[in-house]
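Peer 1: compute the structure for the input listed below.
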Amino acid sequence: MITKTFKNVAGQTEDEFYTSFFTQNPHWNKATPNADENLRWKIIEKFLYYIKGYQKSTGRLNSNNILDMGCGRGWLSNLLANYGHVIAIEPVRPVVEHARKLFPHLDIRCGTAGDLVADGKLSYFDVIVCSEVIEHIPDAQKADFIFALKSLLKKGGFLMMTTPRKDAEAEWIKYGNAAQPVEDWMTEKALGSLFEQAGLTNHLLSRAAMPPVKKAPEIEIYQLWLVQN
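Peer 2: Next up, the predicted model:
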């Protein structure tokens, strides 16, 4: 669980920061994905097609229960709903309330991975998508977080994870750094090691590049993983 001790320069708590970010910031509060999010979605969608092909080739008949872990305002949950039955979960209640207004047809819950475990969702999901979440979890808690996600996956189920690349951080922050409550970026090697420790098998690893500001050169800022339980 992410620590609640953060105070930014405006004196906001962590929940206040994310409430403002996802409900008031016009770049991040709409039902449709912005350019940054759409960049990641294009690769996530390719991963979904890969999973579909894998299931067909192996004769697996899955119900395709999908979890959007740390769903924010729900834009990704809404797109994932075209590929299966989605449960979306987000720990900040005002953000959940905003997401429910944007997407009243979706099952959006306030809570954490631990709440899903307590709710009997062990080995329940065919696919878990965790986009731009793990970097906001302190390094000391990252392994436990991945193990919690693994416990929610069916045997043979897939986890997609996207997060910024620590390898690109020094170059990226030359153009500015909008500090968030916890920003512990990971190298691909470190994250791959955590997947391996959890017994998750890597299928695909992609990168996505974008300029940090207009007219700047593109930087391979995102790492996008598809691993299997």
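Peer 1: low-confidence regions, the protein specifically.
Peer 2: Applying pLDDT under 70 to the chain picks out residues 1-11, 61-62, 177-179.
Peer 1: try it again at 90.
Peer 2: Scanning the chain for pLDDT under 90 picks out 1-17, 21, 55-63, 114, 117-120, 123, 173-183, 212-215.
Peer 1: list the contacts of the most centrally placed residue in it.
Peer 2: Nearest to the geometric centre of the chain sits Ser131, at 1.8 Å (Cα atoms, centre = their mean). Taking Cβ atoms under 8 Å, 6 or more residues apart in numbering as the criterion, Ser131 is in contact with Arg40, Ile44, Asp68, Gly70, Leu76, Met160, Met161, Thr162. C-beta coordinates here come from the backbone N, C-alpha and C atoms, glycine included.
Peer 1: gap between the strand ranked longest in the chain and the chain center?
Peer 2: In the chain, with assignment by DSSP state E, the single longest strand is strand 153-164. A distance of 10 Å separates the centroid of the chain from that of strand 153-164, by Cα atoms, centre = their mean, to the nearest Å.
Peer 1: next, the buried residues of it.
Peer 2: Under the neighbour-count criterion of 16 or more other Cβ atoms under 10 Å, strand 153-164 has Leu153, Lys154, Gly157, Phe158, Leu159, Met160, Met161, Thr162, Thr163, Pro164 buried.
Peer 1: part of a strand, is Asp126?
Peer 2: Yes - counting by DSSP: H, G, I helix; E, B strand; the rest coil, Asp126 is found in a strand.
Peer 1: rewinding a little: given the longest strand of the chain, what are its sheet partners and their directions?
Peer 2: Using DSSP bridges, the strands paired with strand 153-164 are strand 125-131 (parallel), strand 219-228 (antiparallel).
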